[in-house]
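Asker: The following comprises the amino acid sequence and a computationally predicted model.
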Amino acid sequence: MKITFDETNPGKLPKGWETGITGKGKAKWEVVSDDTAPSRPNVLKQSGEATFTWAAKTDEHIQDGFAEVKFKPIAGKEDQAGGIVFRFRDANNYYIVRANALEDNVVLYKTVNGKRSSLQVKGRTFGYGVDTNVPSRKWSTLRVEFHGNLFTVFFNGKKLFEVEDDTFKDAGAVGVWTKADSVTLFDDFSVGTK
């Protein structure tokens, strides 16, 4: 399934999607038109400010499969992040993989009871995600494949790293995510089972 957000009228949310925050603040998710969209005319935009904000497709749950999205960080002094949530149970319990243009890295986390912690990259004894160039104001593609307790992360078509974790084993919703003052656009959200 691929969601381009073009079926949704600007100012609205796609059918079957819910939005919210983890922590404090206020999210502002809406479909807007954007001339730079990979599939024109519409994108999903987040311009609120909160600890973490999410928009999840809660009418479909996936246990094993993949999620991929094109994203474009366009503003933010504290963060310029875009990510994917998967095995999403509720506002305080989910996995998240995110790319940050201000830090130039990609990290996979788990959020448990509202507390986020990074997960160790397989084959490394320490460190924080993987450093890679995450361009600001340009479209990039983030992908995560999840099967059992193994998660594989790709950025712009390149495999970056794997993580193993057993916290959330059941099927959950999938969606997109931002942090702090990130203003981020999303397009071409693809999800499926394998």
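Answerer: Looks like it came in fine. Numbers count the residues shown, from 1 in each chain.
Asker: Regarding stretch 118-138, how distant is the last residue from the first?
Answerer: 25 Å (CA to CA, to the nearest Å).
Asker: quick one: buried residues of that stretch?
Answerer: Within stretch 118-138, the residues scored as buried using 16 or more other CB atoms under 10 Å are 119-121, 129-130, 134. Quick note: C-beta positions are derived from backbone N, CA and C, even for glycine.
Asker: Quick check: of these, which lies closest to Lys15?
Answerer: Val134 (30.4 Å; CB to CB).
Asker: ok, and the closest one, which helix or strand is that part of?
Answerer: For Val134, there is no enclosing helix or strand under DSSP states H and E.
Asker: Show me the strands paired with the helix or strand harbouring Gly82, marking each as parallel or antiparallel.
Answerer: Assigned by DSSP H and E, Gly82 belongs to strand 81-90. Strand pairing for strand 81-90, determined by DSSP bridges: strand 93-100 (antiparallel), strand 172-180 (antiparallel).
Asker: got CSV for those, with mean pLDDT too?
Answerer: Output for the strands paired with strand 81-90, formatted as CSV (pLDDT from 0 to 100):
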stretch, mean pLDDT
strand 93-100, 98
strand 172-180, 98
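Asker: and Thr141, which of those is closest to it?
Answerer: Closest among the strands paired with strand 81-90, using CB to CB: strand 93-100, at 9.6 Å.
Asker: Not counting its own residues, what contacts that closest one?
Answerer: By CB atoms under 8 Å, 6 or more residues apart in numbering, the residues outside strand 93-100 that reach it are 52, 54, 71, 73, 79-88, 105-113, 116, 132, 134, 140, 142, 144, 146, 151, 153, 155, 165, 167-168, 172, 177, 179.
Asker: make it 6 Å
Answerer: Contact partners of strand 93-100, identified using CB atoms under 6 Å, 6 or more residues apart in numbering, comprise 81, 83-88, 106, 108-111, 134, 142, 144, 153, 177.
Asker: need the strands paired with strand 81-90 in CSV with mean neighbour count and distance to Trp29, can you?
Answerer: What follows is the strands paired with strand 81-90, written out as CSV (neighbours: other CB atoms under 10 Å; distance: least, CB to CB, whole Å):
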stretch, mean neighbour count, distance to Trp29
strand 93-100, 26, 16
strand 172-180, 26, 9
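Asker: Let's have these in JSON lines, adding distance to Gly16.
Answerer: Converted to JSON lines, those look like this (distance: least, CB to CB, whole Å):
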{"stretch": "strand 93-100", "distance to Gly16": "17"}
{"stretch": "strand 172-180", "distance to Gly16": "10"}
